[in-house]
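A predicted structure for the sequence below; I have some questions about it.
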Amino acid sequence: MGVKRLLDTNAYASLKRGASDIADLVRESSRLFFSRVVIGELLFGFLDGGRYRKNLEELEEFLRNPRVTTVGIGRATVERFGRIAAQMKRAGTPIPTNDIWIAAQALENGCDLITLDAHLRHVPGLVVLPE
């Protein structure tokens, strides 16, 4: 089946800025998953910046790659979201809401998560890269 990974917002931004460690993880992946939550975060950043059209074109090109699968939010994601949010709150380590959605999607799809957010390392069962 190969190595499946989901790319977080900050990892995509780092990839576009030329981060070699992120590029290596992407190249080593047989399939890349991309969350619609991440797309929303990126669009916000594009609209807030000065290169909207260029950034949007680059993102659309990236998403057309046949190795990239865009994932939405279904019933299983919603259930995972609730469990993760409750676990993190009980543990005293709550994390941003969008990050819970992204973690839930990674777990649902059996993906390692490529992110620079250290707090995601506290999500039970989630493999976070780079290590």
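On my side now, so go ahead.

got the buried residues for the longest helix along the chain?
Using DSSP state H, we find that the single longest helix of the chain is helix 75-90. For helix 75-90, a neighbour-count test (16 or more other Cβ atoms under 10 Å) marks 77, 80, 81, 84, 85, 87, 88 as buried. Just so you know, the C-beta spots here come from the backbone N, C-alpha and C atoms, and that holds for glycine as well.

Which residues does it contact?
Contact with helix 75-90 is made by 94-95, 97, 100-101, 103-105, 107-108, 122-124, as judged by Cβ atoms under 8 Å, 6 or more residues apart in numbering.

please redo it, this time with the cut-off set to 6 Å
94, 95, 100, 101, 103, 104, 105, 107, 108, 123 (Cβ atoms under 6 Å, 6 or more residues apart in numbering).

ok, so of these, who is nearest residue 47?
residue 101 (19.9 Å; Cβ to Cβ).

Helix or strand: which one has the closest one?
Residue 101 is located in helix 97-108, with elements delineated by DSSP states H and E.

list the helices and strands that helix packs on?
Using 3 or more Cβ pairs under 6 Å, 6 or more residues apart in numbering; DSSP states H and E, the elements in contact with helix 97-108 are helix 36-48, helix 75-90.

buried sites along the shortest one?
When neighbours are counted by 16+ other Cβ under 10 Å, the buried residues of helix 36-48 are found to be 37, 38, 41, 42, 46.

Can you tell me which of those comes closest to residue 62?
Closest to residue 62, out of all of the buried residues of helix 36-48 and judged by Cβ to Cβ, is residue 42, at 10.0 Å.
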